[in-house]
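S.K.: sequence plus predicted model, see below.
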Amino acid sequence: MDEALKKAALAWVSIGDGPALGLWCMPLEGSLIVVSGPGEQYAPGLAEASTASVRLRGDNGGLIVVSDMAVTRLQPGSEEWTTVAPQLAQKRLNASGTFDELVARWAAAGCAIVRLTPPEQHAPLASPDLPTDSGAAVPRQTPARNQTRKPFKLHRVRRS
């Protein structure tokens with residue numbers, strides 16, 4: 001579990017019976033740090049949850065660990081926020097502004113920084129006990145997914 005956490009850059013996180021969402025994360029001291037909210041990645045219900053199911057992949061891209069993790073939201077202004085948020089801001093790619101401006105924007109916009117911590121006494125699912133199915137879900141309905149017309153032809157193409 002520790003090795004999977006250290007190498008994690010993306011985790012598939014699901015809350016309750018909800019769909020698993022691929023979330024960018026930062027490993028830190030045996031846990032994962034995730035930011036979500038306005039202007040950041042979409043993770044509905046993660047900040048309010050007490051536990052989440054987390055799936056991590058290995059070097060070859062396949063699933064290697066599944067674990068239920070405790071969710072702890074970091075509060076802006078707390079000691080933990082002031083140490084973790086700047087580290088997370090440095091790892092955040094393509095962010096506009098300086099690291100301090102990004103941390104201030106997270107606090108002002110109400111973004112949630114959460115720590116996902118695996119329980120010490122609970123062993124995660126690992127090989128050979130992993131599920132044999134792919135874990136793929138049916139695509140959800142969205143306005144971005146719609147049928148488009150085929151383009152019209154400007155002139156007739158003759159076949160010889």
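M.R.: In hand now; what should we look at?

S.K.: from now on I want contacts and neighbour counts done on CA atoms only, so please keep to that.
M.R.: OK.

S.K.: ok, so what distance separates residue 87 from residue 99?
M.R.: 9 Å (CA to CA, to the nearest Å).

S.K.: please apply the same query to residue 116.
M.R.: Distance from residue 116 to residue 99, by CA to CA: 22 Å.

S.K.: higher neighbour count, the two?
M.R.: residue 116 (27 against 18; other CA atoms under 10 Å).

S.K.: what pairs with the more buried one across the strands?
M.R.: residue 32, residue 71 (DSSP bridges).

S.K.: that one and residue 29 touch, don't they?
M.R.: No. Between residue 116 and residue 29 there is no contact under CA atoms under 8 Å: 10.8 Å.

S.K.: next, show the common contact partners of these two.
M.R.: Common contact partners of residue 116 and residue 29 (CA atoms under 8 Å, 6 or more residues apart in numbering): none.

S.K.: and the strands in this structure, which stretches?
M.R.: Under the criterion DSSP state E, the chain contains strands at 10-14, 21-24, 26-28, 31-36, 51-57, 63-74, 112-117, 125-126.

S.K.: now render the ones you listed as JSON lines, adding distance to residue 150 and mean pLDDT.
M.R.: Listed next are those as JSON lines, based on distance: least, CA to CA, whole Å; pLDDT from 0 to 100:
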{"stretch": "strand 10-14", "distance to residue 150": "35", "mean pLDDT": "88"}
{"stretch": "strand 21-24", "distance to residue 150": "32", "mean pLDDT": "88"}
{"stretch": "strand 26-28", "distance to residue 150": "43", "mean pLDDT": "89"}
{"stretch": "strand 31-36", "distance to residue 150": "38", "mean pLDDT": "90"}
{"stretch": "strand 51-57", "distance to residue 150": "39", "mean pLDDT": "86"}
{"stretch": "strand 63-74", "distance to residue 150": "38", "mean pLDDT": "84"}
{"stretch": "strand 112-117", "distance to residue 150": "43", "mean pLDDT": "91"}
{"stretch": "strand 125-126", "distance to residue 150": "47", "mean pLDDT": "54"}
